[in-house]
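**Student:** This is a predicted model, with the sequence first.
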Amino acid sequence: MKAIYPGTFDPITNGHIDIIERAHRRFQTVVVAVSQNPGKMPLFTLEERIGMVKEVVAGREGVEVDSFDGLLVDYAKSRDVGILVKGLRAVTDFDYELQMAQMNHKLAEVETLFMVATPSHSFLSSSLVKEIARFGGDVSAFVPAEVARKMKERFRGEA
């Protein structure tokens, strides 16, 4: 059985990786679907984000990396996948994700499996990691080493 784990992954964090690994224990294949999401102003281009995700999940059999633009349910249907995996850190995540899950089910009968963040990652978000990196802080505890290096390169000289 396949599941899709969608996100912007700008950048991918250790919390994302935890959800990927836990989802993969439950599904034969997990498609990490990187969203173009034009509504957000990503730090990294789509190609850079895909590259980082591929680098981080390399060697994990049964984990695929892809990208999509448009409605997630349309992408899920095109991949013949009926289950989405979403990570939840707090009640505020649940409020938003519940509405999305209900809409996705109404539009295309796509189910959503919520996975609660591991407590050690419950505070972690890509936005916070970017903020720390922007001001020269050390993000190595929050993202894989290769991602921390790319963030440092991106923000060199900006703070």
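**Tutor:** Here it is on my side, so go on.
**Student:** going forward, measure contacts and count neighbours with C-alpha atoms only.
**Tutor:** Fine.
**Student:** for the chain, longest helix please?
**Tutor:** In the chain, ranked by residue count with DSSP state H as the criterion, the top helix is helix 91-108.
**Student:** average pLDDT for that helix?
**Tutor:** Model confidence over helix 91-108, given as mean pLDDT, is 94.
**Student:** got it, and stretch 145-154?
**Tutor:** Averaging pLDDT along stretch 145-154 gives 95.
**Student:** ok, residues contacting it?
**Tutor:** Defining contact as Cα atoms under 8 Å, 6 or more residues apart in numbering, one finds that stretch 145-154 is touched by Pro11, Ile12, Met52, Lys130, Ala133, Gly136, Val139, Ser140.
**Student:** Equivalent analysis for stretch 83-92, please.
**Tutor:** Contacts made with stretch 83-92 from outside it, assessed by Cα under 8 Å, 6+ apart, are listed as 2-6, 16, 19, 23, 94, 97, 110-117, 121-123.
**Student:** mind running it again at 7 Å?
**Tutor:** The list of residues contacting stretch 83-92 from outside it, by Cα atoms under 7 Å, 6 or more residues apart in numbering, reads 3-5, 19, 94, 110-117, 122-123.
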